[in-house]
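Novice: quick one, fold the following:
(2 chains)
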Protein chains: 2
Amino acid sequence: MRTLVVASKNARKAREIRAVLEPLRDWEIRSLPPDAPDMEETGTTFLENAIQKTTFYGSRYRGWMVADDSGLEVEALGGRPGIFSARYAPTDAERNRRLLAELADVPDAARGARFVCALALSLDGRLQWTVEERVAGRVARTPAGTHGFGYDPVFWLPELGRTMAELDPSAKNRISHRGRALARLLGHIGSLG
Amino acid sequence: MRTLVVASKNARKAREIRAVLEPLRDWEIRSLPPDAPDMEETGTTFLENAIQKTTFYGSRYRGWMVADDSGLEVEALGGRPGIFSARYAPTDAERNRRLLAELADVPDAARGARFVCALALSLDGRLQWTVEERVAGRVARTPAGTHGFGYDPVFWLPELGRTMAELDPSAKNRISHRGRALARLLGHIGSLG
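Specialist: Numbers count the residues shown, from 1 in each chain, chains lettered A, B, ... in the order given. You can find the predicted model right below:
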């Protein structure tokens, strides 16, 4: 039995990741201890931040660890909020409000956006593997849906005709940036032998 | 036309990488300038070292850059020489001699080994993407073949019944750790749009 620690202090993100990983046979999935220190993110890309988290927490807690860095890149904002997605405003509701306000005058055709998720896997603080996945969509005009977290209520998926927050967890994980990245992680872990 | 710099001071490795990348349309493939500084590798995994190279050189030379860290992991040596493959002895010939000497008493069935190649891609020194690929084989009893470089003459491929150095460049690139990693890089670059 091996242990994999999910190195996220965002409780909803950690829960989403754990839900995908917990069916893994022969692995016990854990969270960071409640007293884990905060870490300042200084990377310039999602990938750099995910690596920074996994090596920062990995040097404190032994064993296998996975870290996520993810966010929303909006075309009309030149890629913002990007790696600053979580720092764009204090709460999810305020972040979404600010985003919709910034895009108030932007027509539908120019509201393209993508969710990006980078994962980094370490063993005893030594980087072992990384992945980055995306999902393309559009910033909605108004929030909709109660599932998920973050920008999910304002991220509209053209093929499905609904927002990410209108998908139940298993539907979200099949198509989302994080779900795809976690699927790649499962494949990689399965190949570790 | 975009430029991609191959951040390797190993001339034979840089040539091997360039040969795979040069068919890329709309990209000009370049080497580091001859006066590029040396870099001390302090990572603990191939991936960490590849990232270190691409961010070290990427902070000095702008644009797209790819760095490789690769080596040989020998089962009977607990994974050595691993990330120290290039530092195992001063020249390729001495490295191969030392390896064969260390394994002199090891029977064929216990001579399993794998080549590992990690690549990291950066833009203006900011990490964009990584990959790691492996190829499994066995340490031969004597060197054979004149192609390739490094441990190629002593890395025996069971399915092919010959060493990596007995394969011509295009055959090597189809099956090798670096060839596979570069194929993934080509796929990634093709998706950049």
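Novice: can you tell me the SS state at the residue lying closest to A:Arg126 once chain neighbours are set aside?
Specialist: Setting aside the residues directly before and after it, A:Arg126 is nearest to B:Thr44 in space (C-beta to C-beta, 6 or more residues apart in numbering or on different chains), at 4.3 Å. C-beta here means a position set from N, CA and C on the backbone, and glycine is covered the same way. Of the three states, B:Thr44 takes coil under DSSP: H, G, I helix; E, B strand; the rest coil.
Novice: how many neighbouring residues does B:Thr44 have?
Specialist: 17 (other C-beta atoms under 10 Å in any protein chain shown).
Novice: per-residue confidence for it?
Specialist: B:Thr44 is assigned 94 on the pLDDT scale.
Novice: ok, it touching A:Ser122?
Specialist: No. When contacts are counted by C-beta atoms under 8 Å, B:Thr44 is not listed as touching A:Ser122 (9.8 Å).
Novice: quick revisit: mind listing what the residue nearest to A:Arg126 touches?
Specialist: Counting by C-beta atoms under 8 Å, 6 or more residues apart in numbering or on different chains, B:Thr44 makes contact with A:Arg126, A:Leu127, B:Ile83.
Novice: that's a helix at the second one, yeah?
Specialist: So the one you mean is A:Leu127. No. A:Leu127: not assigned to a helix; according to three-state DSSP it is strand.
Novice: can you classify the most centrally placed residue in chain A by secondary structure?
Specialist: Central residue of chain A (C-alpha atoms, centre = their mean): A:Ser70, 3.9 Å from the mean position. Assigned with three-state DSSP, A:Ser70 falls in the strand class.
Novice: quickly list what it is bridged to.
Specialist: In this entry, A:Ser70 is beta-bridged to A:Cys117, by DSSP bridges.
Novice: kindly state the pLDDT recorded for it?
Specialist: A:Ser70 is assigned 97 on the pLDDT scale.
Novice: shouldn't it be in contact with A:Thr45?
Specialist: No. Counting by C-beta under 8 Å, A:Ser70 stays clear of A:Thr45, with 11.7 Å between them.
Novice: got the contact list for the residue nearest to A:Met164 when sequence neighbours are not counted?
Specialist: Nearest residue to A:Met164, sequence neighbours excluded (C-beta to C-beta, 6+ apart): A:Asp152, at 4.0 Å. Counting by C-beta under 8 Å, 6+ apart, A:Asp152 makes contact with A:Gly145, A:Thr163, A:Met164, A:Ala165, A:Lys172.
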